[in-house]
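> need a 3D model of the sequence below.
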Amino acid sequence: VAVSIQVNNASDLAAVQLGLKFDPKILRINNVISGDLIRRNGPELVPSRNVLNDSGDATIGIARDPSSGGVSGSGTVLTIVFQAVAKGATILTVPQLTLTGSAGQSIPAPPPTLTLNVM
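Below is the predicted model of the structure:
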């Protein structure tokens, strides 16, 4: 199951940091991939991640090279690839979401929530 974290109408976006909570009895994280928006007009990016599949917690971050500046527009910043380990309905929450511009300024954004039904 691939879940994309998208940003709409960003202006000068340079970094994304998020905390993710998920039900470890239903899902586990297999991979995290940089999205098309955050890497636009810059080098390939590798997200940092601290995934605790046993407890259902993850901290994920991605940042553009400072010399590349920020990006503006809408699109995917991260794709999180989950593996289903059991059936059931589960909620993915993002209790911590920080978007940062190229000058270090905070970009306000509401944290997303997603309900998945694994069959």
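
> in contact with the residue nearest the centre of the chain, which residues?
The chain has Leu78 as the residue nearest its centroid, 4.2 Å off, counting by CA atoms, centre = their mean. Residues in contact with Leu78, defined by CB atoms under 8 Å, 6 or more residues apart in numbering, are Ser4, Ile5, Val16, Leu18, Val32, Ile33, Ser34, Gly35, Ile38, Pro47, Ile60, Ile62. All C-beta spots, glycine's among them, are computed from the backbone N, C-alpha and C.

> helices or strands next to the helix or strand containing Ile5 in the packing?
For Ile5, the element it lies in under DSSP states H and E is strand 2-21. Here strand 2-21 touches strand 57-63, strand 71-84, strand 88-101, strand 106-107, going by 3 or more CB pairs under 8 Å, 6 or more residues apart in numbering; DSSP states H and E.

> quick one: which of the ones you listed is nearest Lys25?
strand 88-101 (7.6 Å; CB to CB).

> list the buried residues for that closest one?
Within strand 88-101, the residues that qualify as buried by neighbour count (16 or more other CB atoms under 10 Å) are Thr90, Leu92, Val94, Leu97, Leu99, Thr100, Gly101.

> which of those sits closest to Ser11?
Nearest member of the buried residues of strand 88-101 to Ser11, counting by CB to CB, is Gly101, at 7.5 Å.

> go ahead and confirm the closest one touches Pro108.
No - between Gly101 and Pro108 there is no contact under CB atoms under 8 Å: 11.0 Å.

> show me the contacts for Asn53.
Counting by CB under 8 Å, 6+ apart, Asn53 has contacts Pro24, Arg28, Ile29.

> and the last one, how far from Gly61?
Read that as Ile29. 14 Å (CB to CB, to the nearest Å).

> which of those two has more neighbours?
Each of Ile29 and Gly61 has its neighbours counted (other CB atoms under 10 Å); Ile29 has more, 21 against 17.
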